[in-house]
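# structure for the following, please:
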Amino acid sequence: MDSTFAIDFFSEEWIRNASITTILVLLYFYILSKINNENLGLFFKASALVIISMTLTHEIILLSSGSWTLIEDLPLHLCDVSAIICCIIFFVKKKQLLFEFLFYCGIIGGFISILTPQITLYDGNYFYYIMFYFKHASIIVIPIAIMFRMKLQLRKYSWLKTFAGINILLAIVMPVNAALGSNYLYVAKPPIVKNPLILGTGENTILGLPDYVFGFEIILLILLLIFYIIFKPRK
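As a prediction, this is how the structure comes out:
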């Protein structure tokens, strides 16, 4: 099975998929704008249940087809972690840390993924195809919706705390990659599709990591700070 399918940037397929995704995102925000505050919590929980249902269906299909593997299917990519947060955030009382991590990682990761689509385990099953766009659109939409309807705000230094959280995840993922021969967080080798956050080929290593990882860290830190400056609370 050809396990990875990349869509070229600005190809006809890319334009079609990006256009459909944008329309559906705008439709979600339109519906959200019509929900009154009394029903807002119920609407958000329903949104989470849809994400949970899609995620479970995806895992069941992988398991039943014998396609699920430790090497590719543990939820250790940033977008996977963000999707899990989308599933649980409306069912927990303390949302602030989850919201901040989701806001930064979900929007940045989701946007980059839709710009540079790389669908793993794609074998012609259109559910995998649809799930890719659904997941990445969800992790963009949900934190924006939380900010503007639930009025959660980014705290001072939230960008720095998120950067620390990402590096804690990196510290967990590195030994997993070493043990399994996997490529979670793309710190073993770069993704096959061109990614604007990946500078370098990974042929050289620094402290056991491909050189592009350190460039990625610098770019990511700058992006996190820019996001905070743009979206921080205004007095």
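
# Three-state assignment for the most centrally placed residue in the chain, please.
With distances taken as CA atoms, centre = their mean, Cys79 lies nearest the centre of the chain, 2.3 Å away. Secondary structure assignment for Cys79 (DSSP: H, G, I helix; E, B strand; the rest coil): helix.

# over to the one 10 residues further on?
Secondary structure assignment for Ile89 (three-state DSSP): helix.

# ok, it - contacts?
Residues in contact with Ile89 (CB atoms under 8 Å, 6 or more residues apart in numbering) are Ala48, Lys95, Leu98, Phe99, Leu102, Ile142, Ile146. Any C-beta I mention is one placed from the backbone N, CA and C, and that applies to glycine too.

# after the longest helix along the chain comes which helix or strand?
Using DSSP state H, we find that the single longest helix of the chain is helix 37-64. Next helix or strand after helix 37-64 toward the C-terminus (DSSP states H and E): helix 70-73.

# I'd say Leu185 and Pro75 touch.
No. With contact defined as CB atoms under 8 Å, Leu185 does not count as touching Pro75 (11.6 Å).

# so the two - more neighbours on which side?
Neighbour totals were compared for Leu185 and Pro75, and Leu185 leads with 21 against 13 (other CB atoms under 10 Å).

# on that earlier part again, roughly how far is the longest helix of the chain from the heart of the chain?
16 Å (CA atoms, centre = their mean, to the nearest Å).

# can you report how many residues neighbour His136?
By other CB under 10 Å, the burial measure for His136, its neighbour count, is 23.

# look up how far Leu63 lies from it.
Separation of His136 from Leu63 (CB to CB, to the nearest Å) stands at 22 Å.

# please enumerate the helices of this structure.
In the chain, the helices defined using DSSP H lie at 12-33, 37-64, 70-73, 78-88, 96-101, 107-115, 126-145, 158-180, 211-231.

# and the fourth one with helix 107-115, angle?
Looking back up the chat, that one is helix 78-88. 120 degrees (axes from the mean of the first three to the mean of the last three CA atoms, to 10 degrees).

# could you say what helices and strands helix 78-88 packs with?
Helices and strands touching helix 78-88, by 3 or more CB pairs under 8 Å, 6 or more residues apart in numbering; DSSP states H and E, are helix 37-64, helix 96-101, helix 107-115, helix 126-145, helix 158-180.
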